[in-house]
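Peer 1: need a structure here:
(2 chains)
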Amino acid sequence: MAIDTQAAVATAPGPGPRRRRGGIRSNENLAGWLFVAPVIAILGLFLLLPILMALWVSLTDWNGQGTPFTGDVPFVGAHNYTQLFTEDGLARRDFMTSIRNNIYYVAIVVPAQTVLALGLALVVNNRMLKGKSFFRSAFYFPSVTSSVAISVVFLFLFANSGAVNALLGFAGIDGPEWFADSRGVLHLLFGVVGVDSPPAALADGGPFGLTWWDWLAGPSVAMISIITLVIWTTSGTFMLMFLAGLQNVPVTLDEASTLDGASRWQRFRHVTLPLLRPTTFLVLTLGMIGSWQVFDQVYVMSQGDPAKTTLTPAYLSYRTAFRDFDYGSGAAISFVLFLIIIVLTLIQRRVLAERDTDRPRRGWWRRRVPERS
Amino acid sequence: MAVLTDRPATAPARRDERAARTLATRFLGYATLVFFGLVFLYPFVIQIGNSLKTEPDAAANPLSPFPDPLTLAGFERIFAGTNFPLWLGNSLLVTVLVTLGRVFFDSLAGYALARLRFRGRSGLFAAVIAVMAVPGVVLLIPKFLVLNQLGIYNSYAGLVVPLLADAAGVFIMKQFFESIPVSVEEAARIDGASIFRTFWSVVLPMAKPALITLTILSFQGSWNEFPHSLVSVQDPDLFTLPRGLADLVSGSLGSGTQYPLKLGAALLATIPVAIIFVVFQRYFVRDANDGSDKG
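Peer 2: A predicted model of the protein is given here:
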C-alpha cells in the first residue's frame, strides 16, 4: 500500500495545474464517486451485504422456507458453531471428517504442485532448449479450462476401465475402483506392515469425536484421484510464477558460480533457490489458500462419497444448506472455513510486505556481483 | 560460455567433457519436456479420441486416441438428446453481458481510484484489496440468501448481475492507469473536456492492452463459472454450460456410462476458451506474471 500512496504523490500535478484545478476539485469529488458507484453497488449488494446476512442466518435454524429475517425463525445463538466443535454428534463428525480430508489434501497438493511447478519452470527456463514457448503453453493450458469440463475428463481417466487403470495394467498392477474406494492410503500402508485393524491405543479417544485411527486414515483412494486432477490443473499457473521469479536471477551470478566450479546441483541449491525464496513462499501460501477452497471437482466427481472421504468443508457447507436444508449449520461451516482462509491470507500479506521492505538489501547484494562483459 | 576460452586453466579434455555434459543436459531437458508435454496434453487427446468412439470401444480401449469405428453418435445425441443447445445459448448470453459489464465498470472504478482525487479514495482502494481476499466458496450460501431476498433467485438477472463487477478487475485497471503518463489527460482537461469525456476518448483508447487482458479474463471466468450458477438458479432452462455438464455427469442421462457423449460435451465447452487461449496467449501469461508481483 505504501507504494500506491507514493505513486499518487508522484502523479499529483505540480503547482501550476493545481491552482487551475482547485476550482474543479468538487467536480472531481463527485465524478470520483459516480465512477466507482456501479462497482460499489454490485460488490456491496452481492458480497458485503450477503456476508452479513449469512452471519445472521448462521445464528438461526432457518430451513429455507420464506425469509430468514422475521421473528418466526428460531434464534439459536452460537449453537451452530458449538455443535461443530464441542457437541458429540453427526454434525461434528461430518465437519471433522471434512477437515481431516482437507488437511490430507493440502498436505499432498501443496508440496506436489510447488515442486512440479518449480521443476517445469527450471526446464522451460533452460537457455539451451528450443520450443520452450510451446511447452510453456501446454503446461499452462489446463489451468485456463473449465474445472467442470476437466473433471468430466478425469472421471473417464479414473473410471474402472479407464486410461489410468489401463496404464497400471501395463505395469502389471490391478488398478482400484477409484471412486468407490474409501480406504485411506495410510491405512493401506499400515496394512502392508501388518496393522489391519486399529490397535487398542488408537481405537477410540481421539480429538473432536473422531478416533485416532480415523484421523490417521490418510486421503482415501478416491481422494487421490481428485488430488491428481488438482495438481495437474494448477501446476501450470504456479510454473508461470516461478518463471517470473527466475527472471530475477541475474545471469551473471549463474555464470560466476559456474566459473567458481560449482556443480549444477550446488548452483541450484545455493544460488537459484535462495533467490526464488519470495516466489516459493508466494506459491506455497497461494496454494494453501486455494486448496482450502476445493469445491467444483468434489461436486462433479464424487459428491463427498465414498463414505464421506472426499467431503471437504466447502462442499459440506453447500450440502448441509442446499441438500439438508439446514442453512444455519451450512453458513456456520462457511464462516469457519472463511476464518481458516483469512488467517492464511493475512500471514501471506504480512510476509510479502516484509519482503518489500527487504528490497534495498537485495539490490545491494546484486550490485556486488562482478560484471563480466 | 565464451568467457571460458580466455581462462588458461581450461584444458581441451575438460572442454570435451563440458560438451558431452551439455549434450546430456539437452537430451535430458527435451526428454523431460516431452514427457510432461504428454502428461499435460494427452488427456485432451484421449478426450477428443474417445468422444468419437462407440461406448464399448471407449470402455475397451480408453488409452487409444483412434476411434474404431469412428462415430458421431455421441455428438448427435448431445444435440438431440440433451439440453446442450440451450445451455450454450445461456452461457453465451451470460458471458457476453458479464464481460461487457466488467470491462466497463471495472475501468470506470479503476480510473477513479488511479486518477481522480475524491474523499474516501484510499479507504475504497483498501476495501477493494480486502474484497479480493474473500474466497468465492464461502459466498455460496450468502449469495443465495441475497438473491432470494431480492426476488431474483432463479432468473437471468440473478445469473448475471452479481458478476457484473469484480475487485480483481478494478485492481488490474487501476494499476494500468497509474502506469500511463498523466500529461495527455491534463491537456484534454485544460482544453475543457469533461472528466468522463477525457476518460472515454483519451484515456480508454490508451488502455487497450489492459482492456484486452480484462476482456479475456472476464470471458474465461464467466464462461467457466460454476458455483455461482449452482446457487443462483434451479430451473433447468436457466442452466449454463458448466451447470448442464455437471448435471449430465450426476446421472440425468439414464442408462450406461455414456462416456463418449460426456467427453464430447465437455470438449465443446472447452473449445471457446482453447481458441481464445491460443490466440491471446501472451495476455494470459502476462496476467499470471502480474499476479506474482502483487500477490
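
Peer 1: Quick check: pLDDT value at residue A:137.
Peer 2: Here the pLDDT value assigned to residue A:137 is 89.

Peer 1: just residue B:115 next, same as before
Peer 2: Per-residue confidence for residue B:115 comes out at a pLDDT of 88.

Peer 1: contacting residues for it?
Peer 2: Applying CB atoms under 8 Å, 6 or more residues apart in numbering or on different chains to residue B:115 gives the contacts A:11, B:177, B:178, B:182, B:185, B:203. For every residue, glycine as well, the C-beta is placed using N, CA and C.

Peer 1: switch the cut-off to 7 Å
Peer 2: Contact analysis of residue B:115 by CB atoms under 7 Å, 6 or more residues apart in numbering or on different chains lists residue B:177.

Peer 1: Tell me, how many residues neighbour residue 234?
Peer 2: Went with chain A since none was named. Close neighbours of residue A:234, defined as other CB atoms under 10 Å in any protein chain shown, add up to 24.

Peer 1: I was thinking of chain B, sorry if that wasn't clear
Peer 2: 11.

Peer 1: Please look at it and residue B:154 and confirm they touch.
Peer 2: Yes: between residue B:234 and residue B:154 there is a contact under CB atoms under 7 Å: 5.3 Å.

Peer 1: Within range of chain B, give me the residues from the stretch 101-250 of chain A.
Peer 2: Applying CB under 7 Å from any CB of the partner chain, one finds that the stretch 101-250 of chain A approaches chain B through A:120, A:123, A:126, A:128-129, A:135, A:137-139, A:141-142, A:144-149, A:152-153, A:155-157, A:161-163, A:166-167, A:237, A:240-241, A:244-245.

Peer 1: Go again with 6 Å.
Peer 2: A:123, A:126, A:128-129, A:135, A:137-139, A:144-146, A:148-149, A:152-153, A:156, A:161-163, A:166, A:237, A:240-241, A:244 (CB under 6 Å from any CB of the partner chain).

Peer 1: Select only the buried ones of these in ChimeraX?
Peer 2: Those of those that count as buried under 16 or more other CB atoms under 10 Å in any protein chain shown are selected in ChimeraX with:
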select /A:123,126,129,135,137,138,139,144,145,146,148,149,152,153,156,161,162,163,166,237,240,241,244
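
Peer 1: Any chance of the backbone angles for the residue lying closest to residue A:162 once chain neighbours are set aside?
Peer 2: Closest residue in space to residue A:162, ignoring its immediate chain neighbours: residue B:62 at 5.0 Å, by CB to CB, 6 or more residues apart in numbering or on different chains. As for residue B:62, its main-chain torsions (degrees, to the nearest 10) stand at phi -70, psi -30.

Peer 1: Can you tell me the closest non-neighbouring residue to residue 237?
Peer 2: Answering for chain A, as no chain was given. Sequence neighbours aside, residue A:143 is the residue nearest to residue A:237 in space, at 4.5 Å (criterion: CB to CB, 6+ apart).

Peer 1: that's the other chain; I wanted chain B
Peer 2: Spatially, and ignoring its direct neighbours in sequence, residue B:237 is nearest to residue B:86 (6.7 Å; CB to CB, 6+ apart).
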